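Q: Starting from these lines, generate the structure:
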Amino acid sequence: MVCLVTGSSRGLGRAVAIAFGREGHRVVVHYRERAAEAEETASLIRESMVLSADVRDSGEVAALVDEVIKKWGGIDVLVNNAGITKEALLIRTTERDFDEVMDTNLRGAFNLIRAVAPRMIERKSGHIINISSIAGIRGREGLAAYSASKAALAGLTLAAARELGAYNIMVNTVLPGYMLTGMGTGAGEKARQAALRDSIVKDFSDPDRVARFICYLCGTTGITGQVFNLDSRTV
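A: Below is the predicted model of the structure:
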């Protein structure tokens, strides 16, 4: 399979890209700014290519997809992992910050799906995984923009699943849980302790375990339009 993982220079995206590589798949390592880290990720994968694009820009996304098609002929798996957050109370969140979060987390996934889906439709197969968050289900103080974007991403998943199911394209959402990756560690000690307090097993999520689940899901058929919570925090 050819697997495109957005935001795969580090964190969960990196773990997912490496997991696909371990299973012998060809992997597109995507980044926007961290070229050196993306190259490092790719060096751990036997068959890989490193491509840069701003997911908010539909033109750059289309060019990225065209380059993958030109080299490898198709895209079997799309994992929409690229995302950002801007922490601030709702009344202090600027329009600019709100737009940046929504454009990256939601419009980015929309742009990728719109670019990749026609190729999958031609082949009548494919998997699309959108990485959302429990914050999109429960909400979280200080993360209004992030919560809104992740809630909307789950809705996008459901609509896409209904539209693309007739072409044997599976579209699902994964809630990976609180991980000690860049975003998780950057949230601060208070957020980490809150995550542990809400966790039934009193532990954080593991990126490698989440990556293995995503690989497994992409090997299944008939499972679509679902939200998988890979966390012990209840929604």
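Q: can you give me the strands in this structure?
A: Secondary structure of the chain, counting by DSSP state E: strands at 2-5, 26-31, 48-52, 77-80, 126-131, 169-175, 227-229.
Q: Return the most buried member of these.
A: strand 77-80 (a mean of 29; mean count of other Cβ atoms under 10 Å). In this view, the C-beta of every residue, glycine as well, is placed from N, C-alpha and C.
Q: quick one: average confidence on that one?
A: For strand 77-80, the mean pLDDT works out to 98.
Q: pLDDT weak spots in the chain?
A: Under the criterion pLDDT under 70, the flagged ranges of the chain are 180-204, 232-235.
Q: Spit out the contact partners of the residue nearest to Pro207 when sequence neighbours are not counted.
A: Leaving aside its chain neighbours, Pro207 sits nearest to Ala15 (3.9 Å; criterion: Cβ to Cβ, 6 or more residues apart in numbering). With contacts defined as Cβ atoms under 8 Å, 6 or more residues apart in numbering, Ala15 is in contact with 207-208, 210-211.
Q: ok so, going back, can you list the strands of the chain in TSV and add distance to Cys215?
A: As requested, the strands of the chain are arranged in TSV below (distance: least, Cβ to Cβ, whole Å):
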stretch	distance to Cys215
strand 2-5	9
strand 26-31	11
strand 48-52	15
strand 77-80	9
strand 126-131	10
strand 169-175	11
strand 227-229	13
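Q: Among these, which comes closest to Ala161?
A: strand 169-175 (4.1 Å; Cβ to Cβ).
Q: what's the angle between that closest one and strand 126-131?
A: 20 degrees (axes from the mean of the first three to the mean of the last three Cα atoms, to 10 degrees).
Q: Can you spell out which helices and strands pack onto strand 169-175?
A: Judged by 3 or more Cβ pairs under 8 Å, 6 or more residues apart in numbering; DSSP states H and E, the packing partners of strand 169-175 are helix 108-123, strand 126-131, helix 144-164, helix 207-217, strand 227-229.
Q: swap the cut-off to 7 Å and go again
A: strand 126-131, helix 144-164, strand 227-229 (3 or more Cβ pairs under 7 Å, 6 or more residues apart in numbering; DSSP states H and E).
Q: Using CSV, write out every CA atom in it.
A: Listed next in CSV are the C-alpha coordinates belonging to strand 169-175 (Å, rounded to 0.1, in the frame of the first residue of the first chain):
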residue,chain,number,x,y,z
ILE,A,169,-13.5,3.6,0.6
MET,A,170,-13.5,3.4,4.4
VAL,A,171,-13.5,6.7,6.4
ASN,A,172,-13.0,6.7,10.2
THR,A,173,-12.0,8.9,13.1
VAL,A,174,-9.5,8.0,15.7
LEU,A,175,-9.3,9.7,19.1
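Q: What strands line up against that strand, and which way round?
A: strand 126-131 (parallel), strand 227-229 (parallel) (DSSP bridges).
Q: Do me a favour and get the backbone dihedrals for the residue nearest in space to the middle of the chain.
A: In the chain, the residue lying closest to the centroid (Cα atoms, centre = their mean) is Asn81, at 1.9 Å. Backbone torsions for Asn81, taken as degrees, to the nearest 10, come to phi -110, psi -20.
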